[in-house]
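Asks: quick one: sequence plus predicted model below, questions after.
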Amino acid sequence: MTQQRLCVVQLVPALESGGAERSALEIGHALVKAGHRSIVISAGGRLVDRLESEGSEHVELAIGKKSLKTLTLVPKLRAIIADARADIVHARSRLPAWLGWHALRGLDPPRPHFVTTVHGLNSPGWYSSIMARGDRIICVSNLVRDHVLRHYKGTNPSRLVLIPRGVDAAEFPFGHQPDDEWRARFFEQYPQLDGAPLLTLPARGTRLKGHSDAIELLADLKVRGVDARLLLLGAREPGREAYVAELEALARNFNIEEQVVISPPRSDVRDVMAVSTLILQLSTQRESFGRTVIEALSLCRPVLGYAHGGVGELLTDLYPTGRVPPGDRGRLAERAAELMRAAPAIQPLTRYRLADMQEATLQLYTELASEPRRRRSDR
């Protein structure tokens, strides 16, 4: 029997960066590869060229702009969905979800199925409640699933589907090491990082990412006689100058400023991770998932992180030795020294792969599309 060709419309605010945007591209690519039609509606951005080069269509519409005028886009959005004869409308953010939901309510039956993905721990309340109104609600972790059930009491648990994000094994190949030319350039740029084990915390420059915890860790290792270097990868961003100055002052207070580098975002994160002795994930608040954990493990690099939220879930499942209680400074230094001395073996990932996420999502679409598209009560 020939498989039904689906038309899936994904809604995201823009296509600049971020986990929801990346997932939209990855699912769009998988849809096209499987012979389906993929449409993404957003305000546009630097990722549009990649999206279209992989076979998806893009419709530019500012559905993520937080303004009352944005509501006037509902009729246009409704017309786009109707003209495409969409089977599935998949919203990945709250404002686009509201617009998509209102657009679908105005369509004559049979209406497309409405899918949402809860990518993060949105603040509970009326505005966020739209993400719990999907015919299916994709949750990227058990933490997110529990969050939805706890704050939106009327949600039917059978509508929640756990589909974790996945890492592309081709982009983060097991055992990858950069060539000598890359190494020479990198350590020429940051000579203070050469000659000792390298600890890397890849995260944007926000206080919640635990940069100060990483600096304190390096200081505690020095007290223990353990030589190491620290790279805060991606923390030096425009508008974050005061925060970076605060981190630099903290390093000076510990007399380790020569062993710490705070870099801007880089495009060669894979290579930086690959030459690191240990990858750190020290977010002080629970994260919904923890992408850098699976990227590091995919490369066969040890990870040390706080055992809470999505990061704790991933470490418990994939690398339990890398877990430490959140904020336990003594345990953090002790475990870091242990992992630097003799890290447990890491096996190639058999879960949390990009292909797993794509396959599970397309299977969900197919199952939904096979259900009768009758008139459903508005949730």
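Replies: Perfect, I can see it now.
Asks: now Lys153: how far from Ile138?
Replies: Distance, Lys153 to Ile138, by CB to CB, to the nearest Å: 20 Å. Placement of C-beta: from N, CA and C, glycine included.
Asks: more crowded one of these two?
Replies: Per other CB atoms under 10 Å, whichever of Lys153 and Ile138 has more neighbours is Ile138, with 25 against 7.
Asks: what sits closest to that one if chain neighbours are left out?
Replies: Thr117 (4.2 Å; CB to CB, 6 or more residues apart in numbering).
Asks: which residues are in contact with the one you found?
Replies: Contact analysis of Thr117 by CB atoms under 8 Å, 6 or more residues apart in numbering lists Ala20, Ser23, His90, Ala91, Arg92, Ile137, Ile138, Cys139, Val140, Ile163.
Asks: need the contact list for the second one.
Replies: What it means is Ser23. Contacts of Ser23 by CB under 8 Å, 6+ apart are Arg92, Thr117, His119, Arg165, Met357.
Asks: try it again with 7 Å
Replies: Residues in contact with Ser23 (CB atoms under 7 Å, 6 or more residues apart in numbering) are Arg92, Arg165.
Asks: tell me which residues in the strand or helix carrying it are buried?
Replies: Per DSSP states H and E: Ser23 is located in helix 19-33. Neighbour-count burial for helix 19-33, counted by 16 or more other CB atoms under 10 Å, picks out 19-21, 23-32.
Asks: still on that earlier bit, need the contacts of Thr117 in TSV with pLDDT, can you?
Replies: What follows is the contacts of Thr117, written out as TSV (pLDDT from 0 to 100):
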residue	pLDDT
Ala20	89
Ser23	94
His90	98
Ala91	98
Arg92	97
Ile137	98
Ile138	98
Cys139	97
Val140	94
Ile163	97
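Asks: can you map out the helices along the chain?
Replies: 19-33, 48-53, 74-84, 94-105, 142-151, 180-189, 211-223, 241-253, 269-274, 291-298, 309-318, 329-341, 354-369 (DSSP state H).
Asks: figure out which of those is closest to Gln4.
Replies: helix 354-369 (6.2 Å; CB to CB).
Asks: may I see the buried residues of the closest one?
Replies: Leu354, Asp356, Met357, Gln358, Thr361, Leu362, Leu364, Tyr365, Thr366, Leu368, Ala369.
Asks: that one - contacts with which helices or strands?
Replies: Applying 3 or more CB pairs under 7 Å, 6 or more residues apart in numbering; DSSP states H and E, we find helix 354-369 packed against helix 19-33, strand 88-91.
Asks: got the angle for the first one vs helix 354-369?
Replies: For helix 19-33 against helix 354-369, the angle by axes from the mean of the first three to the mean of the last three CA atoms, to 10 degrees is 70 degrees.
Asks: how far off helix 94-105 does helix 19-33 point, in degrees?
Replies: Put simply, helix 19-33 runs at 50 degrees to helix 94-105, going by the same axes, to 10 degrees.
Asks: angle of helix 19-33 against helix 291-298?
Replies: Angle, helix 19-33 to helix 291-298, by the same axes, to 10 degrees: 60 degrees.
Asks: let's number from 29 now, not from 1
Replies: Done: numbering now begins at 29, and the last item shifts to helix 47-61.
Asks: how is this structure divided into domains?
Replies: With domains defined by automatic domain parsing, the chain comprises 35-194+382-397, 208-369.
Asks: so which of those domains is nearest Pro376?
Replies: Minimum separation from Pro376 across those (CB to CB) falls at domain 208-369, 7.9 Å.
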